[in-house]
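J.: Could you look at this predicted model? Sequence included:
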Number of protein chains: 2
Amino acid sequence: MNYAARLARLRAALEENDLDSLLLTHLPNIHYLCGFTGSAAALLVTDSGSILFTDGRYRTQAREEVSAAHIVIVSKSPPVAAAEWLAAHRSGSKAVSLGIEPDSMTVALRDRLASVLKGKARLRSAPPLVERARMVKDAAEIQRIRRAVDVGASLFPIACQKIRPGASEVAVAAAMEFEARCAGAEAMSFPTILASGKRSAIVHGRASLARIPRRGFVVCDFGVILADYCSDRTRTVHVGRPSADARQFYAAVLEAQQAAIAAVRPGATAAEVDGAARRVLRQRKLARYFTHSTGHGLGLEIHELPRLAKGQTQKLEPGMVITIEPGAYVPGKWGVRIEDVVLVTSSGCEVLTPSDKELVII
Amino acid sequence: MNYAARLARLRAALEENDLDSLLLTHLPNIHYLCGFTGSAAALLVTDSGSILFTDGRYRTQAREEVSAAHIVIVSKSPPVAAAEWLAAHRSGSKAVSLGIEPDSMTVALRDRLASVLKGKARLRSAPPLVERARMVKDAAEIQRIRRAVDVGASLFPIACQKIRPGASEVAVAAAMEFEARCAGAEAMSFPTILASGKRSAIVHGRASLARIPRRGFVVCDFGVILADYCSDRTRTVHVGRPSADARQFYAAVLEAQQAAIAAVRPGATAAEVDGAARRVLRQRKLARYFTHSTGHGLGLEIHELPRLAKGQTQKLEPGMVITIEPGAYVPGKWGVRIEDVVLVTSSGCEVLTPSDKELVII
């Protein structure tokens, strides 16, 4: 990854936004900008350079991971140390304008920084400059996402093999997660969702000790983190012979998902893609059971910009990687969700996850 | 869990702190107070009752989990909906005093709430009332932690079996995590640390694709979440015949850990326990290699109050559950950490993790 180039682009954006410096505290943004993956850090980006503040636990790790920023090991809170450094090193007597990340910085930390800086710097909530940069992936990132998606895809056949009436949901998840680890995944990208029978109506139904019933849907939503990048995929299978009603329900969600994928192209807004899925479910009288957004960006984090939801005016651009995952959930009865990861290309999109989406019957 | 009693105690604390209401946004605190485990929620506690705000994805789940608070399903950000509800339902024209959680609320959310509330409520950073309540575990919580610790303990023999020269660190972690899942764990309580050879000097050395060398320490730090509660345990083993130097290094860390455990009793401060470990390592000329604190509380979260570190004046009380985990790390050479979970009792403490800590040689 070309961290120096990312930092240089950010420095240019600071100037456009009238900021002298930016204090980064959101760890995935720090990771993106300089490669550091520890759990305590602040990255101070000024017009003259970048400094990573971290603590003694990460002395060795920071040296191994970071070359694009100067490293300072501190024994106090890294952002507080960064503010003290800034106060001590500003040139002239004018207060500098210091950007902070309002979507991740806590109120307590902001208050603490203000008291450390007194009049020496004005804190300003910066726009999400790094999150915006992260929306469009470069070639190296897309390659990593492809690999993560491939490992993620390899888990679904295991789910199909382990899903049986009477098996616990968690036993299925355990087998999938073991395979992911053996394939080198650092972790799952979120707690594996394995929701069977009536539990399939719970949108975020984490694998539980519940036993898979003789008949009904099983929603499997899972992803891995491989070489720092996330994958995400949902398939819904049916245990036992599905009723005509169940088949129709599944077909409606699949049609909505395909309509949304067909709407993905450069220049389309995030809301248009969301609307394409919603329109199909409205025609099928299922709109009120579709209770979440159609998708999200993914990369270093499982949820990134853009958000594919009503009112989102963000235009899609080549290099964005997004999920397309409409679903419908009838409380107490059943639920279906189908999700792929999609790369926006110059002419439309490429579905990165394997595309077979016929209803699997177990 | 007696959620109604927890909410009643919090309501009493509000009055003592001159707050009319408290808006809880830290999810583990919401979980503690009313049982809700979803990923989007705000809990508004007023003198007349408690209301959980969540979104449509959690309609079914909230009904299953929550009985001590009224449930409101919203289609916007739950804390913003809570603020609007408060503005609409306050009695009289006087601005109410609304506490927020400054250690978890973001600057962006605080600004948003202030603009929603205008003059109708004054936002005030509340002290960590819920975190303080959570420090002392009740009988039901201690029982859950014991079970989590037992399942956690069952993973170490698997590590010993899988750690072999040439095996990848991640393959060892995979086997441990599979066992945890099969035993019903919801997840690991943090990314499994498996740091072998020179990597053992990396305090947070997550299991990597690195191969275990023929000779050297392997730090294994791992825990599970079982029925919502976390376990945590570290053991360091040695592959191949340890040098006299390695044995001495291990013995020093073990002595420091035992000294800290011996210092745990009601009335002792967190700093005293930390100091007991540090003193031993200072005598062994290893103080500068002990680069983190001696331990932390654990429960619904892997890191809770109290913090066992220099300057921490918090006194230990019966019912607190803490880790004792000194370590020493020589960059580029090796590292050792030994960790147990300890329950503070009326007369001293009980070590919950199995106590055998002789150096295991593989």
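T.: Done, it's in.

J.: Show me the domain layout of chain A.
T.: For chain A, automatic domain parsing gives the domain ranges A:3-133, A:136-361.

J.: So which of those is the most surrounded?
T.: Mean neighbour count (mean count of other CB atoms under 10 Å in any protein chain shown) peaks for domain A:136-361 among these, with a mean of 20. Yep, even glycine has a C-beta here, placed from its N, CA and C like the rest.

J.: near chain B, which residues of the stretch 1-150 of chain A show up?
T.: With CB under 8 Å from any CB of the partner chain as the criterion, the stretch 1-150 of chain A meets chain B at residues A:38-39, A:55-61, A:100, A:102-108, A:110-111, A:125.

J.: Sort out for me which of those residues are in strands.
T.: Counting by DSSP state E, the residues of the stretch 1-150 of chain A next to chain B place A:55, A:100, A:125 in strands.

J.: Quick check: phi and psi at the closest residue in space to the first one that isn't next to it in sequence.
T.: With CB to CB, 6 or more residues apart in numbering or on different chains as the measure, A:A40 is the residue that lies nearest to A:D55, at 5.4 Å, once sequence neighbours are left out. Torsion angles at A:A40 (phi, psi; degrees, to the nearest 10) stand at phi -140, psi 110.

J.: Now for A:C34: which residues touch it?
T.: Applying CB atoms under 8 Å, 6 or more residues apart in numbering or on different chains to A:C34 gives the contacts A:3, A:7, A:43, A:50, A:52, A:65-66, A:68-69.

J.: can you check A:L281 too?
T.: A:252-253, A:256, A:287, A:289-290, A:326, A:328 are the contacts of A:L281 under CB under 8 Å, 6+ apart.

J.: Most widely separated two among those?
T.: Spatial extent of the contacts of A:L281 (CB to CB) is set by the pair A:V253 and A:A287 at 11.9 Å.

J.: follow-up on the earlier one: and the domains of chain A as a markdown table, adding mean pLDDT?
T.: Output for those, formatted as a markdown table (pLDDT from 0 to 100):
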| stretch | mean pLDDT |
| --- | --- |
| domain A:3-133 | 94 |
| domain A:136-361 | 96 |
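
J.: Spell out which residues of the stretch 201-350 of chain A are next to chain B.
T.: Checking the stretch 201-350 of chain A against chain B by CB under 8 Å from any CB, the hits are A:201-206, A:209, A:291-292, A:329, A:331-332.

J.: and with 10 Å instead?
T.: A:201-209, A:225, A:227, A:288-293, A:310, A:327, A:329-332, A:335 (CB under 10 Å from any CB of the partner chain).

J.: coming back round to it: reformat the domains of chain A as TSV; add distance to B:S355.
T.: Converted to TSV, the domains of chain A look like this (distance: least, CB to CB, whole Å):
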stretch	distance to B:S355
domain A:3-133	26
domain A:136-361	29
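
J.: how about the ones you listed, which one is nearest B:P266?
T.: domain A:3-133 (29.2 Å).

J.: which residues touch the nearest residue to A:A114 once chain neighbours are set aside?
T.: Ranked by CB to CB, 6+ apart and with sequence neighbours excluded, the top spatial neighbour of A:A114 is A:L123, at 6.0 Å. Residues in contact with A:L123 (CB atoms under 10 Å, 6 or more residues apart in numbering or on different chains) are A:23, A:83, A:97-100, A:102, A:105, A:110-111, A:113-114, A:117, B:107.

J.: Among the residues of the stretch 1-150 of chain A next to chain B, which are located in helices?
T.: A:59-61, A:107-108, A:110-111 (DSSP state H).

J.: out of the residues you listed, who's nearest B:G297?
T.: A:A108 (18.6 Å).

J.: which residues do A:V253 and A:A287 both contact?
T.: Common neighbours of A:V253 and A:A287 (CB under 10 Å, 6+ apart) are A:280-281, A:328.

J.: With distance to A:Q314 and secondary structure added, can I get these in JSON lines?
T.: JSON lines is the format used below for the shared contacts of A:V253 and A:A287 (distance: CB to CB, whole Å; DSSP: H, G, I helix; E, B strand; the rest coil):
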{"residue": "A:V280", "distance to A:Q314": "22", "secondary structure": "helix"}
{"residue": "A:L281", "distance to A:Q314": "22", "secondary structure": "helix"}
{"residue": "A:A328", "distance to A:Q314": "25", "secondary structure": "strand"}
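
J.: Go through the residues you listed and say which is closest to B:E301.
T.: If you rank the shared contacts of A:V253 and A:A287 by distance to B:E301 using CB to CB, A:A328 comes first, at 33.9 Å.

J.: Parallel or antiparallel, list what pairs with the helix or strand harbouring A:V336.
T.: For A:V336, the element it lies in under DSSP states H and E is strand A:334-337. Its sheet considered, strand A:334-337 pairs with strand A:327-330 (antiparallel) by DSSP bridges.

J.: and of the shared contacts of A:V253 and A:A287, the nearest to B:Q143?
T.: A:A328 (39.6 Å).

J.: Pretty sure A:E350 sits against A:G319.
T.: No. Taking CB atoms under 10 Å as the definition, A:E350 is not a contact partner of A:G319, at 11.4 Å.

J.: What segments of the stretch 201-350 of chain A are helices?
T.: A:244-262, A:270-283 (DSSP state H, counting those that start in this stretch).

J.: do you know how far A:A328 is from chain B?
T.: 12 Å (CB to the nearest CB, to the nearest Å).

J.: residues in contact with the nearest residue to that residue once chain neighbours are set aside?
T.: Spatially, and ignoring its direct neighbours in sequence, A:A328 is nearest to A:Y289 (4.0 Å; CB to CB, 6+ apart). By CB under 10 Å, 6+ apart, A:Y289 lies in contact with A:201, A:249, A:252-253, A:281, A:327-331, A:333-336, B:56.

J.: And the residue of the stretch 251-362 of chain A closest to chain B?
T.: Nearest residue of the stretch 251-362 of chain A to chain B (CB to the nearest CB) works out as A:T291 at 3.5 Å.

J.: Do a quick rundown of the helices in the stretch 1-150 of chain A.
T.: So, for the stretch 1-150 of chain A - with DSSP H, counting those that start in this stretch - the helices run A:3-16, A:27-34, A:59-65, A:78-89, A:107-117, A:129-135, A:139-153.

J.: got these as TSV, with distance to A:A167 columns?
T.: Output for the helices of the stretch 1-150 of chain A, formatted as TSV (distance: least, CB to CB, whole Å):
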stretch	distance to A:A167
helix A:3-16	45
helix A:27-34	35
helix A:59-65	40
helix A:78-89	46
helix A:107-117	46
helix A:129-135	39
helix A:139-153	21
